[in-house]
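Undergrad: quick one, fold the following:
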Amino acid sequence: MKPPIRGRTEPPAGLLRRIDAILRGAFPSLVTLGLIVLAAVPVGAPGLVMAVCLPSVFFWTIFRPSAMPPPAIFAIGLAQDLLTLAPLGSGVLVLLLVHGVIMRFRSLLVRQSFWLVWLVYAAVAVAGAALAWALTGLLNWQLPPSTPAMHQLGISMGLYPMLAWVLSRAHRAMQNAEA
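TA: As a prediction, this is how the structure comes out:
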């Protein structure tokens, strides 16, 4: 006969526990959607929506990939396209490609220092901005000006440290709540 296992007992599964688990799983997607809606408020700063959306998708894909699945990224990209009046599908494709590339190298990135992750983010942001610019040109049948893409890229790389700091605090709080 085995001795009883001592320690913290598992609380009974109930409705509130299931709601908590669902909301904790949806938190990254909901925060990203909230951030892009706030960034879409007209304040005169160009490219804020993508400058907030891409870092958030990048961060959550590395540190909590199960909470940022491709269907959620599709919805976020679609919301981004609708809020920025971009050609439908261009933001979706950029975000899904970023998600796929980061998932491929996630095991390597999750163990790296902030500075190296930021450098990788900068490279991903350059590729994402170039792809979004090219897709916009292709879907509109005319080459768009490159200045807005460069502004968006600069803002995105500059905002990443602040967003990563806030999102890492939220990630740690979620980990502590799960422990």
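Undergrad: can you report how many residues neighbour the nearest residue to L167 once chain neighbours are set aside?
TA: Nearest residue to L167, sequence neighbours excluded (CB to CB, 6 or more residues apart in numbering): F59, at 4.9 Å. All C-beta atoms are positioned from the backbone trio N, CA, C, and that covers glycine. Residues near F59, counting by other CB atoms under 10 Å, number 24.
Undergrad: restricting to C-alpha, output the strand or helix carrying F59 in PDB.
TA: Using DSSP states H and E, the element containing F59 is helix 48-63. Only the C-alpha atoms of helix 48-63 are listed here, as PDB (Å, rounded to 0.1, in the frame of the first residue of the first chain):
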ATOM      1  CA  LEU A  48       1.500  52.900 -34.300                       C
ATOM      2  CA  VAL A  49      -0.800  49.900 -34.900                       C
ATOM      3  CA  MET A  50       1.800  47.700 -36.500                       C
ATOM      4  CA  ALA A  51       4.400  49.100 -34.200                       C
ATOM      5  CA  VAL A  52       2.400  47.700 -31.200                       C
ATOM      6  CA  CYS A  53       1.000  44.500 -32.900                       C
ATOM      7  CA  LEU A  54       4.300  43.000 -34.200                       C
ATOM      8  CA  PRO A  55       6.200  43.200 -30.900                       C
ATOM      9  CA  SER A  56       3.300  41.700 -29.000                       C
ATOM     10  CA  VAL A  57       2.900  38.800 -31.400                       C
ATOM     11  CA  PHE A  58       6.700  38.300 -31.400                       C
ATOM     12  CA  PHE A  59       6.900  38.300 -27.600                       C
ATOM     13  CA  TRP A  60       4.000  36.000 -26.900                       C
ATOM     14  CA  THR A  61       5.000  33.600 -29.600                       C
ATOM     15  CA  ILE A  62       8.400  33.200 -27.900                       C
ATOM     16  CA  PHE A  63       7.300  33.100 -24.200                       C
END
